[in-house]
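[1] predicted model and sequence below, questions to follow.
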Amino acid sequence: MQDIQSGPANVPLLIDRVGVKGLELPIVVSDRDKGAQHTVALVDLGVELPAAFKGTHMSRFIEALENWNEDLSYRSMKNLLRDIKARLSAQSAYASFAFTYFRRRISPASGAPSLLGYRCRLAGEMKNDKPDMILDITVPVMTVCPCSKAISKEGAHSQRAEVRMSIRMKGFAWIEEFIDIADASASSSVYPLLKREDEKFVTERAFASPLFVEDVVRNVATALKRHPHVQWFRAEVESFESIHAHNAFAIIESHAAD
């Protein structure tokens, strides 16, 4: 049969990335408490397409996934990228697995257990034979405004916030380690299940530790700099302000000189 994709392009321009997006796939990820955790990922796969070719072979991405086991790790991602490059004769390959990682949280006063989901993504790109992988983790937290507390006779405005970390690692680390960093950097953790005694505990603890969004991102960045297996990071904190018509955010990115 005629191979249209491999024919000449009408407009000979290199395409940085072309492929398939939004594939649903069951995966298994490492879990510090249970050893392994089953979840579902949204998968994007792509390659660089030279200017000379009209199109890529989309079916070969699916074939690569069928040849891949369900365990998501740096090693399996590296093998997948190599397979995609080989199947499509590409100079570079890209893969992204976005998934929800679940962790059982224990309410601080009542001790009641409940599950909380964290948005994660492992993305990798391989040029030649060198993979570059980034782990993204989003952690919900709570902040109390120090200014509001200082100027108010009663109370202060508080809100949920998100800590978003992008991490390039030089050694193995658990997802839970980065969740703990985010929780420790904010006024309080967020819990799915809170009884009345838990609400009292969380509220009093948070108001005892009021933090600006700038404080939280500095706390996160300091902990990531000290982590022995973090090579590079980008930390962002966004506060969903409860009394303002805007959100507040702060970002710190590490550099080679840091």
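    Noted; the coordinates are in hand.
[2] show me where this protein has its helices.
    Counting by DSSP state H, the chain has these helices, from start to end: 59-66, 74-88, 146-151, 175-185, 196-207, 213-226.
[3] may I see those arranged in TSV, with mean pLDDT, distance to residue 119 and mean neighbour count as well?
    (Each C-beta comes from the backbone N, C-alpha and C, glycine too.) Rendered in TSV, the data for these read as follows (pLDDT from 0 to 100; distance: least, CB to CB, whole Å; neighbours: other CB atoms under 10 Å):
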stretch	mean pLDDT	distance to residue 119	mean neighbour count
helix 59-66	90	22	16
helix 74-88	92	18	18
helix 146-151	91	28	12
helix 175-185	98	11	19
helix 196-207	95	22	15
helix 213-226	98	16	19
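[4] wait, which of these is closest to residue 113?
    Among these, helix 196-207 comes nearest to residue 113, with 11.9 Å by CB to CB.
[5] now residue 16: closest residue in space, sequence neighbours ignored.
    residue 48 (6.2 Å; CB to CB, 6 or more residues apart in numbering).
[6] same deal with residue 127?
    Here the nearest residue to residue 127 in space, its sequence neighbours aside, is residue 92; by CB to CB, 6+ apart that works out to 4.3 Å.
[7] tell me, how many residues neighbour the residue nearest to residue 16?
    20 (other CB atoms under 10 Å).
[8] one more: residue 186?
    By the criterion of other CB under 10 Å, residue 186 has 28 neighbours.
[9] residue 13 too?
    For residue 13, which is what you asked about, the neighbour count (other CB under 10 Å) is 9.
[10] perfect, I'm done here.
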